[in-house]
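**Q** Okay, structure incoming, though there's no sequence with it:
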């Protein structure tokens, strides 16, 4: 019996070792596998939501040990602050980052060009383009930075004569001196040029095109960019990109690294709910509509206190709108003009200005909407039709609400002490203390009168003295039995 138990025990131990060995081999195979490539996507305008999404994606790639991060892009550009935040995360990433303009027909304009230059690997799909990276100065009038003339060494015109050089070298007169707006544009241009030039030098890419993309808004197709050394690879899709990157040596924070991407699994990271909400709030049109909902709600609550729901909804909408404005490059003078315009339209509903306040409010609202955002920043302009439509709708709604409120103020009071004055009643009969009982509004009141009253006669309330009415007969009294 013991021999049989020993045989069974040896078989169980052997099976256990077999299972442990299989698990170990599986684990070794997993550890020795090529890992995965994390794919992030920027589709549309680059803003605070894009920066937050890329930051979390790169952090997750580092924590999970991804072999490569691919940032697919199709963007017209976006905010400078969000772009710089993304570039800082790319430069600080221990995981190699490949910027990839895809799919076919996509573009990496403006801020997208900077991100492509900052990436460890720059790639594009066929029929894509990049460039047009001229900065747009928000809130500045006058010439934009893109109006800067080409540099002398980039032109094909002959050299100027000595007379022409003498004329060009004369000091500028005060009338032709650079205005503050031009000076600010020149500072923005110099800063943007130096920034993209430093990125090009860091990654060993074409510096000349980088400067021309900023100064002259130059653009290149995928084939031209590859020929000029702006990008490293042209790939059909992400799988093709990984196949072509296999064996390439790149410089990362901890030194040189040879990529082994041929067998990498592709894993895509989608934006979470917080990022989606942030993307919606960062839309200036949504922020403007939320602001108006907040004004409507608070106005309705102030004119009809006690309801609660409009006031709560209005306060929440207004706070969310202010948070959205904080995310966006708004001109706060435009926000103030919007508030002043709404206030003037509110005042028109209560003050007899014969339309002056209302018209002034509409004008202030439209001008504030135009000043709120710079329409030249990609994706952050507010259509004029939306601004005018909101102004007219605001005027109509506020005037309608104000008209209803004014009519309610002019309406006769139907309850309380004021409602008793002038009320009609009927004499019931005399009271023991020399007063009379009067029926008014279905209630019995004690009343006094300067003339004798007759039971059943109609009376009118003249005034109140505490709970005693002073009345007067509305018709002359008639003796009982006499004809009326």
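**A** Thanks, I have it. Just so you know, these numbers come straight off a predicted model, no measurement behind them.

**Q** residues of stretch 264-278 that come out buried?
**A** 264, 269, 271, 275, 278 (16 or more other C-beta atoms under 10 Å). No exception for glycine: its C-beta is placed from N, CA and C like everyone else's.

**Q** Pull up the distance across it, start to finish.
**A** 32 Å (C-alpha to C-alpha, to the nearest Å).

**Q** What lies in contact with that stretch?
**A** The contact list for stretch 264-278 (C-beta atoms under 8 Å, 6 or more residues apart in numbering) reads 34-41, 48-49, 52-53, 56-57, 60, 66-68, 238-239, 242, 279, 327.

**Q** what is the mean pLDDT for that stretch?
**A** Averaged across stretch 264-278, pLDDT comes to 89.

**Q** Give me the contacts around stretch 202-210.
**A** With C-beta under 8 Å, 6+ apart, stretch 202-210 has contacts from 91, 113, 117-120, 122, 131, 133, 196-197, 199-201, 218, 220, 225, 228-231.

**Q** Which of the residues you listed are buried, as a ChimeraX select command?
**A** Entered in ChimeraX, the line below selects the buried ones among these, by 16+ other C-beta under 10 Å:
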select :113,117,118,119,120,122,131,133,196,197,199,200,218,220,225,230,231
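
**Q** now, which of the buried residues of stretch 264-278 sits nearest residue 313?
**A** The closest of the buried residues of stretch 264-278 to residue 313 turns out to be residue 278 (C-beta to C-beta; 21.1 Å).

**Q** Determine the set of other helices and strands touching the one helix or strand residue 239 maps to.
**A** If you go by DSSP states H and E, residue 239 is part of helix 238-245. Using 3 or more C-beta pairs under 8 Å, 6 or more residues apart in numbering; DSSP states H and E, the elements in contact with helix 238-245 are strand 36-43, strand 68-74, strand 97-101, strand 233-234, strand 265-268.

**Q** 7 Å instead?
**A** strand 68-74, strand 97-101, strand 233-234 (3 or more C-beta pairs under 7 Å, 6 or more residues apart in numbering; DSSP states H and E).

**Q** Give me the mean pLDDT for the first one.
**A** The reference is to strand 68-74. 96.

**Q** Just give me the residue closest to the centre of this structure.
**A** residue 282 (2.1 Å; C-alpha atoms, centre = their mean).

**Q** Around the residue nearest to that residue when sequence neighbours are not counted, how many other residues sit close by?
**A** Distances taken as C-beta to C-beta, 6 or more residues apart in numbering place residue 47 nearest to residue 282, at 4.6 Å, with adjacent residues excluded. For residue 47, the neighbour count with other C-beta atoms under 10 Å is 25.

**Q** residues contacting residue 47?
**A** Residues in contact with residue 47, defined by C-beta atoms under 7 Å, 6 or more residues apart in numbering, are 78-79, 82, 282.

**Q** so the nearest residue in space to residue 297 that is not next to it in sequence is in which element?
**A** Closest residue in space to residue 297, ignoring its immediate chain neighbours: residue 314 at 2.0 Å, by C-beta to C-beta, 6+ apart. Assigned by DSSP H and E, residue 314 falls within helix 309-327.

**Q** Now do the buried residues in that helix.
**A** 310-311, 313-314, 317-318, 320-321, 324-325, 327.

**Q** which of the residues you listed lies closest to residue 96?
**A** The nearest one, if we look at the buried residues of helix 309-327 relative to residue 96 and count by C-beta to C-beta, is residue 327, at 30.2 Å.

**Q** worst-scoring helix or strand of this structure, pLDDT-wise?
**A** helix 162-169 (a mean of 38; mean pLDDT, DSSP states H and E).

**Q** and the helix holding residue 314, what does it pack onto?
**A** helix 273-281, helix 284-303.

**Q** any idea how far residue 75 is from residue 42?
**A** 5 Å (C-beta to C-beta, to the nearest Å).

**Q** Over to residue 324?
**A** 20 Å.

**Q** Can you show me the helices along the stretch 51-200 of the chain?
**A** 80-91, 111-118, 162-169, 180-203 (DSSP state H, counting those that start in this stretch).

**Q** before we move on, back to that, top of the contacts of residue 47 by number of neighbours, please.
**A** Of the contacts of residue 47, with other C-beta under 10 Å as the count, residue 78 tops at 27 neighbours.

**Q** Apart from its chain neighbours, what residue comes closest to that residue?
**A** Per C-beta to C-beta, 6+ apart, closest to residue 78 is residue 46, 2.8 Å.

**Q** Now do the end-to-end distance for stretch 347-360.
**A** The first and final residues of stretch 347-360 sit 11 Å from each other (C-alpha to C-alpha).

**Q** out of the buried residues of stretch 264-278, who's nearest residue 388?
**A** Among the buried residues of stretch 264-278, and counting by C-beta to C-beta, the member closest to residue 388 is residue 278, at 28.5 Å.

**Q** Let me see the backbone angles for residue 132.
**A** phi 50, psi 50 (degrees, to the nearest 10).

**Q** burial count for it?
**A** With other C-beta under 10 Å as criterion, residue 132 counts 22.

**Q** That one contacts residue 108, doesn't it?
**A** No - applying C-beta atoms under 7 Å as the test, residue 132 and residue 108 come out as separate, 9.6 Å apart.
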